[in-house]
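> Any chance you can model this:
(one chain, ligands or ions: 1)
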Amino acid sequence: MEAALQSPNYILEFTYIVASILFIWGLKSLSHPDTARKGMFLAEAGMAAAVIGTLFHRDIHFFGWIIAGLILGSMVGAAFAVWVPMTAMPQRTALSHAFGAIAAALVGIAEFVMHSGTMSTFTRSALGLEVMLGTLTTTGSLIACGKLQGVIRGTPMQFKGQQFVNMLIFLSMVGCFAYSLHNPAATPFFYGMVTLGFVFGVMLVIPIGSADMPVVMSLLNSYAGLSSAATGFVLGNNILIIAGTLDGFSGFILSILMCKAMNRSITNVLFGGFGAVHAKAAAGAGGEMHEISLEDAAVRLAYASKVVFVPGYGLATAQAQHAVRELADILEERGVTVKYGIHPVAGRMPGHMNVLLAEANVPYGDLYEMEQINPEFPTTDVALVVGANDVVNPDARDNSDSPIAGMPILEVDRAKSVIVLKRGQGRGFSGLENPLFFKSVTSMLYGDAKASLSRLAQEVKNV
Ligand code: NAP
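Numbers count the residues shown, from 1 in each chain. Sure thing, here's the model as predicted:
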């Protein structure tokens, strides 16, 4: 009996190796739109393998709570999958981070209560890290979710001396951690660290505007991953270490890539208060916007040689991906060359446009990244902007005083003509006015993007 307990648990170790391979393979597949869907399935299979493998853990003697957790968790997950729309995916992801982080923090607290007296200093350090990252990620993610959902004010909440207060909270939290590391019996310091972790998460995220929330979430995702990796060290669980590290570092790399695409530094995102720019006016805006009729827009498209579609967040809200494809097919049948210009932060998530267009079976070869398509605009007859705003705002290029100055944009204003599909005079996510809409080269076709595209497709057929 003793020997059986000491022998390696082959089933568990084997499923963990399989799960690790599936996670790494899934992550690799996610790096290309063509294979992204497969990547999701691989990662899901990896998670299933990890969960099933864990059920063979020798320390599990009673399955009642586990089954209850599985049922409850699956019900919440399924409800999210069915009812949360694509456009609300960022806040839904923030909630998932909060769930993951609170789970890691609770495991850490439970381990502290049960074993703190017998733990090595290394394990206690990992436990402290796990609980600090877990607690601050929990409240930080909940605030991010609230801001994105509009439940909490999206603009930065700032006050004088805020960074000093934040630093004080942070140092106090680390101080409690250091003290309880050397004095495991000093439980008030441990719980002081837990409380300060929750407070720090709130303080970290409230000064950041909702325009920067996707970057913040990607960072919080990274913290949640690192917290899980630390949990792995506490529990001696390899799959948590591997999955947590993958999650932690891929989240961090993603944050850097998003910042690069917006020409911002991470410190600027965390301490700059981007949302505070809402009130500033854009140079070059003003004058009149020129409206175009459906018939004129259809004629312009039908007789063009080259049309570049530029999708943005409005395409996602309108769920217009199939309508875009339909119009593109009709134009191509007429001999028009159709391409899609994809900005890296169009929409609300990295890869948002690629995923939507892939859903409508737009051939991947027709999608062009910003660097590839920008040189083509001067030879483009019509740039058709579908619910995009910030990512085509020429102020980022022309106005050094603009809050988005330096953000790379799709230079549609260099095309021979521009048609913008949007519902009205609403602003983009940054809240800035867009001088593109006032340029003589630009015409506005108002209406819901899906309805406008379907009507355009019908009209082009009649030309
Ligand atoms: P955007 O600047 O948010 O503009 C979207 C436009 O779509 C709005 O001006 C809106 O105008 C229009 N619209 C909304 N619903 C519509 C509908 N049903 N039909 C037609 N038009 C509709 O979008 P974007 O150009 O894609 O820029 C993305 C923004 O998100 C950038 O500021 C980017 O920095 C930020 N962001 C993205 C990511 C990411 O990972 N993708 C990360 C961080 C930040 P109307 O109200 O007048 O219709």
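> Low-confidence stretches in the stretch 101-250 of the chain?
Where the stretch 101-250 of the chain drops to pLDDT under 70, the residues are 211.
> Swap in 80 and give it another go.
Residue ranges of the stretch 101-250 of the chain with pLDDT under 80: 154-156, 209-214.
> quick one: the helices in it?
Under the criterion DSSP state H, counting those that start in this stretch, helices of the stretch 101-250 of the chain are mapped to 121-149, 162-182, 187-205, 213-235, 238-261.
> Same list, those helices, but as JSON lines with mean neighbour count and distance to Ile102 please.
Where C-beta positions appear, they are placed from N, C-alpha and C, glycine not excepted. Shown next, in JSON lines, are those (neighbours: other CB atoms under 10 Å; distance: least, CB to CB, whole Å):
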{"stretch": "helix 121-149", "mean neighbour count": "24", "distance to Ile102": "5"}
{"stretch": "helix 162-182", "mean neighbour count": "16", "distance to Ile102": "17"}
{"stretch": "helix 187-205", "mean neighbour count": "20", "distance to Ile102": "10"}
{"stretch": "helix 213-235", "mean neighbour count": "25", "distance to Ile102": "10"}
{"stretch": "helix 238-261", "mean neighbour count": "19", "distance to Ile102": "15"}
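> List the contacts of stretch 186-205.
105, 109, 112, 116, 128, 131-144, 147, 162, 165-166, 169-170, 172-173, 176-177, 179-180, 183, 216, 270 (CB atoms under 8 Å, 6 or more residues apart in numbering).
> From Pro85, how far off is the closest residue to the ligand within the stretch 151-300 of the chain?
At 3.4 Å from the ligand, Pro214 is the closest residue in the stretch 151-300 of the chain, using CB to the nearest ligand atom. Counting by CB to CB, to the nearest Å, the gap between Pro214 and Pro85 amounts to 16 Å.
> ok, now Ser400?
38 Å.
> In three-state terms, label Tyr340 for me.
strand (DSSP: H, G, I helix; E, B strand; the rest coil).
> go on, the one 10 residues further on?
On the three-state scheme (three-state DSSP), Pro350 is labelled coil.
> For it, list the residues it contacts.
Counted by CB under 8 Å, 6+ apart, Pro350 has contacts Pro214, Leu254, Leu257, Met258, Pro344.
> Phi and psi next, for it.
phi -60, psi 130 (degrees, to the nearest 10).
> I'd like the distance from it to the ligand, if you could.
4 Å (CB to the nearest ligand atom, to the nearest Å).
> What pLDDT is listed against that residue?
As predicted, Pro350 sits at a pLDDT of 77.
> if we can go back for a sec, right, so of the helices of the stretch 101-250 of the chain, which gets closest to Val308?
Between Val308 and the helices of the stretch 101-250 of the chain, the shortest gap by CB to CB is with helix 238-261, which sits at 19.1 Å.
> is the closest one up against the ligand anywhere?
Yes. Helix 238-261 reaches the ligand (CB under 6 Å from any ligand atom) through Met258.
> name the helices or strands packed onto that helix?
helix 10-29, helix 33-54, helix 213-235, helix 266-272 (3 or more CB pairs under 8 Å, 6 or more residues apart in numbering; DSSP states H and E).
> now Ser305: how far from the ligand?
26 Å.
> Any chance of JSON lines for the helices of the stretch 101-250 of the chain, columns distance to Leu12?
Output for the helices of the stretch 101-250 of the chain, formatted as JSON lines (distance: least, CB to CB, whole Å):
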{"stretch": "helix 121-149", "distance to Leu12": "20"}
{"stretch": "helix 162-182", "distance to Leu12": "30"}
{"stretch": "helix 187-205", "distance to Leu12": "30"}
{"stretch": "helix 213-235", "distance to Leu12": "13"}
{"stretch": "helix 238-261", "distance to Leu12": "9"}
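> for the residue lying closest to Cys145 once chain neighbours are set aside, phi and psi?
Counting by CB to CB, 6 or more residues apart in numbering, Ala94 is the residue found nearest to Cys145 once chain neighbours are left out, at 3.8 Å. In terms of degrees, to the nearest 10, the main-chain angles of Ala94 are phi -60, psi -40.
> what do you get for Thr337?
phi -80, psi 130.
> Spit out the contact partners of the residue lying closest to it once chain neighbours are set aside.
Using CB to CB, 6+ apart and skipping residues adjacent in sequence, the residue nearest Thr337 is Lys306, 4.5 Å away. Each residue near Lys306 by CB under 8 Å, 6+ apart is listed here: Val336, Thr337, Val338, Lys339, Glu376, Thr379, Thr380, Asp381, Val382.
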